[in-house]
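> Sequence plus predicted model, see below.
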Amino acid sequence: MQNLGNFSGSPYWYHSYARGISADGSVVVGNAWYAYDKSRAFRWTQDGGMQDLGSLGANDESFGLAVSADGSVVVGYNRSAPNSYGRAFRWTQAGGMQDLGVLPNGEWSQAYSTSADGSIVVGSCGFSTGPAKAFIWSQGTGMVDLGAYLSSLLPETAGFNFTYCYDVSSDGNTLVGMGNKSGNRAFIVTGKQIGRAHV
């Protein structure tokens, strides 16, 4: 067991949480305190230690939740106020932290997982009224309502309310999460066209 520590210069009692790992185990992502009860997403490697990935606003908090297979893409969420849900983000070394936005009329979003190459991101978007909606994102299309998207590809999914998409397979073609139809239900959706059609 190896202690990953916290940000350089932080008191020893500041918390850190590891939440995702690359395919070969060389890159770990999560969040750590950078000030009292304030958190930032990090990317850790054996050689580089814990790298602060920043945030969308100067005083915001950010949380790294998942990482691509090669460790180059990190996803999670950013929030500007304590106990708020915030905005989904996608981070790369070249582009920094990118706000993935929200669905139309949405108030918050969180990104939970990404495909192996980092091109597909999944998560959930919330609203002031009504249930949350799961989303799928790519650079070409932006954030898309997963339920509406899947019903156009797989008619048998129509009528199921996809609320949270928690994980995506390495090739982007299998999705799992939770939705609602006569009660909350876990789901798995598989189709070779899912990832390719979206990207």
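Ah, there it is.
> can we go C-alpha only for contacts and neighbour counts from here?
Will do.
> show me where pLDDT drops low in the chain?
Scanning the chain for pLDDT under 70 picks out the ranges 196-199.
> quick one: what helix or strand has the residue positioned nearest the centre of it in it?
Centroid check for the chain by C-alpha atoms, centre = their mean gives residue 111 as the closest residue, at 2.2 Å. Per DSSP states H and E: residue 111 is located in strand 108-114.
> same deal with residue 105?
Going by DSSP H and E, residue 105 is not part of any helix or strand.
> just checking, it touches residue 127?
Yes - the criterion here is C-alpha atoms under 8 Å, and residue 105 meets it with residue 127 at 7.0 Å.
> and the two? which has more neighbours close in?
Neighbours were counted for residue 105 and for residue 127 using other C-alpha atoms under 10 Å; residue 127 has more, 16 against 11.
> Hmm, residue 103 and that one touching each other?
No - Residue 127 lies out of contact with residue 103 (C-alpha under 8 Å); the separation is 9.1 Å.
> Which positions in stretch 18-28 come out as buried?
18, 20-22, 27-28 (16 or more other C-alpha atoms under 10 Å).
> typo on my end, stretch 76-96
Buried-residue list, stretch 76-96, by 16+ other C-alpha under 10 Å: 76-80, 85-91, 96.
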